[in-house]
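A.B. asks: Let me see the structure of the following:
(chains A and B)
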Amino acid sequence: MEKTLKDFHFVDPVEGDKLLGAFRAVCGIRDVVVLIHAPVGCHWGVNYIERLSSIKTNATISALRERSVIFGGEENLRKSIEIIFKRRRRRYLILLSGSVPTVIGEDWRGIVEHLDFSINIINIDCGGYLGKMGEGFEEALCVLFDWIEDPDPEIQDKLLSVNLIGLQRDIVKGRSGIKEIKRLLGLLGIRVNSVFPPSTLSEIRRASNAKLNIVFAYGRGLAERMEERWKIPYIYLDAYPYGIIGVEELIEAVMDTLKIDVLRKNKIEREKEKILCILKDAHLYLPSLYGLGVAISGDLPHVKGLSRFLQKELGMEIQLLNITSTPPSTDISELNKISESDISIQDSWHRFATKLRTKDIGLIFGTDLERRLSSELGIPLILCSFPTISRIDLISSPYLGLRGVIGLVEEIVNSLLNYG
Amino acid sequence: MDFIREKIWTLRLSHACRFSLDCKMFGAYCYLSEIKGAIPLLHGPRGCAFFPKLVPPDAIRTQLLGLREPPPFPCTDMDERDVIYGGAEKLRNAILEVDRYYRPELIGVIISCPAAIIGDDIREIVEDTRKRVESEIIYTPSSAGFSDDERTDDFNRHAEDLIEIWKDPERRPKWGIEKCGRLDTLYSLIEQLVEEPKERSENSINIDTYGRFHWFENLSGEIAEMKGILSEIGIRVNTVFPGCTVRDIKGLSKARLNFMRRSERSAKFMKERFGIDYIFDLFGTRYIGIQGAKRFYLDVAERFGLRKKAEEVVNARLDTIDKSLQDIRAELRRRRIAFICTPLYTTPKFIKLLETLGLDISLLIVNTMWWRRWGMTDGCAKRVVDEFLNNLRWLKSSPKILIDLTIEEEVDHLREHQVDLVIGDVLISDLSRMMYYENSGIKSLSPHSLGYSSFRISFSQVLYLGEMILKRLNRPLRETDLLYMRYRYHPERFPTMLSEISDEYIWERIMKKVWRGRS
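C.D. replies: Down below sits the predicted model:
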């Protein structure tokens, strides 16, 4: 019988903990400061990854020390908040309480109540021992609900707009992926109102003006609260819209829910034809991709979306899947149905690596953790899922959506042509 | 290629680590990563063990061990249940499994914040498992991230230490950096791993090296030179540590002398336990330049009664160096330079070294802003500058001395003085500064960024410095209009962009008032 994760006694982690997940969701919001209430190192690690992921982190630390463990860290917290907000008019703070204050049981509310100024604050208990990255990401998205304002009926009635929830900016091609989905929805006459994780405070505040929430794996809790409060429906997709099939799934779901005229889909159809036309230049290479053994390592929506595209649309053979993180509501037993290939779920990295060495893999889609394996085994690696800190992308050429089909095929072919 | 890669690592690290500081747990991971065959094992949550693998391998690992990737970082994946009921059993099982899977020569158990707070008895667990594993095993008792290290101390104390050492190189530092996470781990390794020697190796020395992220420095070159010269004198290098094997650490006790550069506590331990005498040079200030390197070999040889032989060997080496330097000196003679430095990081001896290369230092710009931003008081900064200048009285050049200018003011003065070259040694952003000066039409050189370190004990490094300066002087200045300079920077804090200035202020205040401050 195969061992499950619980049968092993150590983990070489493929994901961060709750603190990193929450930090990823909220550290890049303009006008909102993130304060990690913890020792310096807790901030260093998460900040390191996000800054190298092209996020302008708006975060700092309450710098707890030995004395804080003995006497409490409330004074550090009070002083830090005063330093941050003393000269600001807009005072929005997301407090991420790390392992030390959560173990010793600190009262942040008492500190906030006794400040000389008022402050909008959201707290998330983020001790590393309290959960995995996906849980932190999900919870942080969910609590942003507290800052969403009631809808403006004028805007809501005039515009057909949606919110995109759960798309990640802090990965390679993340921003261009969001742009592409906005473009595709634009072809249907739909405007994107807000994206979560948000990049500005106003994106949060105005979120209730949307007619629909589109949840991409993460953020179901936020969508449910918005539905309950403002009757905004949501659709839930557990895979990112990679490939033509992925785009069709998204478009159908949106059109059905918003009752959009079928004729509007013509623009999408024309766009598909354009993409196929461009792809003709790579036509000669497509047979070489057919049957190519592939390993994919990344978080759930990437792995699901990509494996579908690579398998169904390019004919590659998915030999190994490594799901590094998932939203907390994911039914793990369901994941085994993604593909017939070998699947590791939030497992230790060394076991994934061991499996990969035994497979006939010609290409890896993955994270920076796979870089070492890629060079050791001489297999090209295409970075696609968090963390992707060893690559920058400045030009908008997405992996998601219809343009993503071109982007991915180009990347795959060039990787194979130029490797070794 | 390596140079470019390491330059990029340096730039990325300094970008990613702005407005943040690492903790002792990470220091412990780094030190263990510098021992071949060691696997660090964290007793803590997965998040703490996730990010270190994404940081480039440190310089000792790449240069001395030839390893290009950081080591794996398995952990016990501590969860809420462990925090409530204790994680001892989990750690015990993890040690056994890490031993079976990785087959390491050493497992280094590192303690995280939650494990330290709940008080799992790591020592008992390690002792209990010791006989059940094939690898050696040690633990680091104070590696929790909240543990204080030397950076939380009053910054001014360290400045005072250095000032005293400028005055008298024999002076012992009062404060030191013993609480650093790396040095804690070194101590643990020595305390728990070094074996009683079966035999002593006559005339042998252990050399402590350092330089975690100093990819730009020639660490291996320094060690190779040391080994060569000591061997000629008749002294064998028993072990260079870290950057060695587990077996080497166990055999440290075979040596007769330790040359320690960071941890006197470890040196004292080995003296008490194994009777190994030591030379301690905490801030790397005793043996700077050619005369410093000479003194190093004489000091070491003295301990073995080999001074005479050392003088022969070193003098022969000096003759060779001197011949090579003659041509360089001839070409550098009376070339006017400006030197921009941050005292403490730059020592008066280094400035003397520049002069002995034949250069005329016509402008000396002293910059204390970086220290003050990191918590040095204005009074202490003034004292540092006074003492620094006091130690420069013997300079043959008579430079105009300017203190704490903005980068724009610096360029105005550099133009006015019509210097041939500006050499920068200001601790951070030297490459960016070099770009700024050259874009303003002034030739510039940052020796530190190009592989030179004044703190390395080396004759060949001096030659390298001379060659580097000469090469830059002889290479024409290209006309540039750099994209890099099209951004708006804070003039006093170049290369901080104006858009980042408020983050920087907040960060500095939190460091001063919250972290180092008295709560």
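
A.B. asks: Show me where chain A has its strands.
C.D. replies: Under the criterion DSSP state E, strands of chain A are mapped to A:33-37, A:59-61, A:92-97, A:120-125, A:161-165, A:191-196, A:212-216, A:234-237, A:293-298, A:317-323, A:342-345, A:363-366, A:381-383.

A.B. asks: For the residue nearest the centre of chain A, which residues are in contact?
C.D. replies: Taking Cα atoms, centre = their mean, the centroid of chain A lies closest to residue A:168, which sits 3.5 Å from it. Residue A:168 makes contact with A:24, A:174, A:197, A:386 under the criterion Cβ atoms under 8 Å, 6 or more residues apart in numbering or on different chains. In short, each C-beta sits where N, CA and C put it, glycine included.

A.B. asks: In helices, which of these fall?
C.D. replies: If you go by DSSP state H, these have A:24, A:174 in helices.

A.B. asks: out of the contacts of residue A:168, which are buried?
C.D. replies: Neighbour counting with 16 or more other Cβ atoms under 10 Å in any protein chain shown marks A:24, A:174, A:197, A:386 as buried within those.

A.B. asks: Let me know the pLDDT of the second one.
C.D. replies: pLDDT, the model's per-residue confidence, is 97 for residue A:174.

A.B. asks: how far away is it from residue A:324?
C.D. replies: Here residue A:174 is placed at a distance of 16 Å from residue A:324 (Cβ to Cβ, to the nearest Å).

A.B. asks: picking that back up, hey, least reliable of the strands of chain A by pLDDT?
C.D. replies: Lowest mean pLDDT of the strands of chain A: strand A:342-345, a mean of 89.

A.B. asks: Longest helix in chain A, please.
C.D. replies: Secondary structure assigned by DSSP H gives helix A:401-418 as the longest helix of chain A.

A.B. asks: Could you pull up the residues touching the residue in the stretch 151-300 of chain B that chain A sits nearest to?
C.D. replies: Closest contact between the stretch 151-300 of chain B and chain A, by Cβ to the nearest Cβ, is at residue B:152 (6.2 Å). By Cβ under 8 Å, 6+ apart, the contact set of residue B:152 is A:65, B:515-516.

A.B. asks: And the nearest residue to residue B:274 once chain neighbours are set aside, how close does it get to residue B:234?
C.D. replies: Excluding the flanking residues, the one nearest residue B:274 by Cβ to Cβ, 6 or more residues apart in numbering or on different chains is residue B:253, at 4.3 Å. Distance of residue B:253 to residue B:234, computed by Cβ to Cβ: 21 Å.

A.B. asks: between those two, who's got more neighbours?
C.D. replies: residue B:253 (22 against 14; other Cβ atoms under 10 Å in any protein chain shown).

A.B. asks: Surely that one touches residue B:276?
C.D. replies: Yes. Residue B:253 is within contact range of residue B:276, at 6.9 Å (criterion: Cβ atoms under 8 Å).

A.B. asks: between those two, what contacts are shared?
C.D. replies: Residues touching both residue B:253 and residue B:276 (Cβ under 8 Å, 6+ apart): residue B:270.

A.B. asks: Quick check: the gap between residue B:284 and residue B:260.
C.D. replies: As judged by Cβ to Cβ, residue B:284 and residue B:260 stand 12 Å apart.

A.B. asks: same deal with residue A:169?
C.D. replies: Distance from residue A:169 to residue B:260, counting by Cβ to Cβ: 48 Å.

A.B. asks: Counting neighbours around each, name which of the two comes out higher.
C.D. replies: Per other Cβ under 10 Å, whichever of residue A:169 and residue B:260 has more neighbours is residue B:260, with 21 against 18.

A.B. asks: How about that one: which residues does it bridge to?
C.D. replies: Note on residue B:260: beta-bridge partners residue B:280, judged by DSSP bridges.

A.B. asks: got the CA positions of the lowest-mean-pLDDT helix or strand in chain A in PDB?
C.D. replies: Within chain A, no helix or strand scores below helix A:332-335, which has a mean of 72 by mean pLDDT, DSSP states H and E. Presented in PDB, the C-alpha positions along helix A:332-335 are these (Å, rounded to 0.1, in the frame of the first residue of the first chain):
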ATOM      1  CA  ILE A 332      -7.900  15.800  -1.900                       C
ATOM      2  CA  SER A 333      -9.500  12.500  -3.000                       C
ATOM      3  CA  GLU A 334     -10.900  14.300  -6.000                       C
ATOM      4  CA  LEU A 335      -7.500  15.400  -7.100                       C
END
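
A.B. asks: Can you give me the buried ones in it?
C.D. replies: For helix A:332-335, the neighbour count (16+ other Cβ under 10 Å) marks residue A:335 as buried.

A.B. asks: Next, the contact list for the closest residue to chain B within the stretch 301-420 of chain A, please.
C.D. replies: At 4.9 Å from chain B, residue A:372 is the closest residue in the stretch 301-420 of chain A, using Cβ to the nearest Cβ. By Cβ under 8 Å, 6+ apart, the contact set of residue A:372 is residue B:69.

A.B. asks: now residue B:495, what's its secondary structure?
C.D. replies: Under DSSP: H, G, I helix; E, B strand; the rest coil, residue B:495 falls in the coil class.

A.B. asks: Assess the claim that it and residue B:430 are in contact.
C.D. replies: No. Here residue B:495 does not reach residue B:430: they are 10.5 Å apart, not a contact under Cβ under 8 Å.

A.B. asks: If you count surrounding residues, which of those two has more?
C.D. replies: Comparing residue B:495 with residue B:430 by neighbour count (other Cβ under 10 Å), the higher total belongs to residue B:430, at 21 against 18.

A.B. asks: most centrally placed residue in chain B?
C.D. replies: Geometric centre of chain B, nearest residue: residue B:211, 4.0 Å, by Cα atoms, centre = their mean.

A.B. asks: so what's residue B:334 up against?
C.D. replies: B:358, B:360.

A.B. asks: do you know how far it is from chain A?
C.D. replies: Remark: distance between residue B:334 and chain A (Cβ to the nearest Cβ, to the nearest Å) = 46 Å.

A.B. asks: what's around the closest residue to chain B within the stretch 51-200 of chain A, how many residues?
C.D. replies: Chain B sits closest to residue A:128 of the stretch 51-200 of chain A, with a gap of 3.1 Å, by Cβ to the nearest Cβ. Neighbour count of residue A:128, defined by other Cβ under 10 Å: 33.

A.B. asks: Please look at it and residue A:17 and confirm they touch.
C.D. replies: Yes. Residue A:128 is in contact with residue A:17 according to Cβ under 8 Å; the separation is 3.9 Å.

A.B. asks: where do the contact lists of these two overlap?
C.D. replies: Residues touching both residue A:128 and residue A:17 (Cβ under 8 Å, 6+ apart): B:45-48.

A.B. asks: Quick check: residue B:28 touching residue B:143?
C.D. replies: Yes. Assessed by Cβ under 8 Å, residue B:28 is found in contact with residue B:143 at 4.1 Å.
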